[in-house]
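K.L.:
Give me coordinates for this.
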Amino acid sequence: MSEPQGSEGTTQRLPVIEKEFDDDLGGGAPPPPADEGAREGRFWSARRVPAAVVAVLVLAVAGVFLYDIAAVRANRPAMAWRRELARQLAERPLDDIWVLVGAGVAAALGLWLIVLALTPGLRDVLPMRRPQPDVRAGLHRDAAALVLRDRAMEVAGVQSVRVRMRRRRADVFALAHFRELDDVRADLDATLGEAVSGMGLARPPALTVRVRRPGRKG
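P.N.:
Now for the predicted structure:
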């Protein structure tokens with residue numbers, strides 16, 4: 001995914017596109033279009049940071065225990081921390097506060113890892129409809145919000161616009177410095193509704209438009 005330079009020196013995120021190539025790279029007719037009514041799931045995150053942290057911790061703990069076991073097998077005394085740990089585990093009751101705290105931390109860490117494994121992540125990427133079965137595309141929420149803001153600014157009477165883009169809802173807050181508020185709101189509903197439909201999102205967000213007058217200065 002690249003970020004080309006705009007005309008004014010700013011950068012904009014492009015839609016995320018993933019294409020799955022077949023093993024057969026020969027010619028042939030293109031695949032038929034996919035069903036536009038099919039529901040598209042979110043993009044899955046690679047989870048590189050959690051995976052790296054877990055891998056490093058497991059490797060470190062396993063390495064320390066392996067070294068200590070090898071030392072004991074070589075008729076050397078076990079490490080002091082392991083003897084102390086074994087003694088604490090043997091003497092402390094199950095309802096001890098530190099045992100409960102340790103169990104709670106371990107359970108929370110395990111639950112966090114399970115949630116990471118079962119959820120896709122990448123909440124900032126909105127899945128788009130598939131024009132072809134072997135093509136997946138996604139639009140960043142910031143880019144979608146920028147499209148709505150630009151389209152809203154084209155409506156007569158709109159002074160400024162703020163867009164809050166979520167996965168299933170788009171909240172638009174506009175300031176109108178002339179024209180009736182009801183007329184501006186009606187034009188915004190029509191313009192932004194057309195813009196949302198034109199994005200090609202698999203799950204078009206619900207649109208909420210709020211229009212008010214700018215506050216008086218002084």
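
K.L.:
Can you show me the helices along the chain?
P.N.:
For the chain, the helices defined by DSSP state H occupy 48-73, 80-91, 97-118, 141-153, 181-198.

K.L.:
Ignoring the adjacent residues along the chain, who's closest to Met165?
P.N.:
Ala145 (3.9 Å; Cβ to Cβ, 6 or more residues apart in numbering). (C-beta placed from N, C-alpha, C; glycine too.)

K.L.:
Now do the same for the closest residue to Glu194 other than its chain neighbours: its pLDDT.
P.N.:
Spatial nearest neighbour of Glu194, chain neighbours left out: Arg151 (7.9 Å); criterion: Cβ to Cβ, 6+ apart. On the pLDDT scale, Arg151 is placed at 95.

K.L.:
Could you give the number of residues near Arg151?
P.N.:
As a burial measure, Arg151 scores 19 neighbours (other Cβ atoms under 10 Å).

K.L.:
ok, now the one 3 residues further on?
P.N.:
When counting by other Cβ under 10 Å, one arrives at 10 neighbours for Glu154.

K.L.:
Pull the contacting residues for the nearest residue to it once chain neighbours are set aside.
P.N.:
Leaving aside its chain neighbours, Glu154 sits nearest to Thr191 (6.9 Å; criterion: Cβ to Cβ, 6+ apart). Listed by Cβ atoms under 8 Å, 6 or more residues apart in numbering, the contact set of Thr191 reads Arg151, Ala152, Glu154, Val155.
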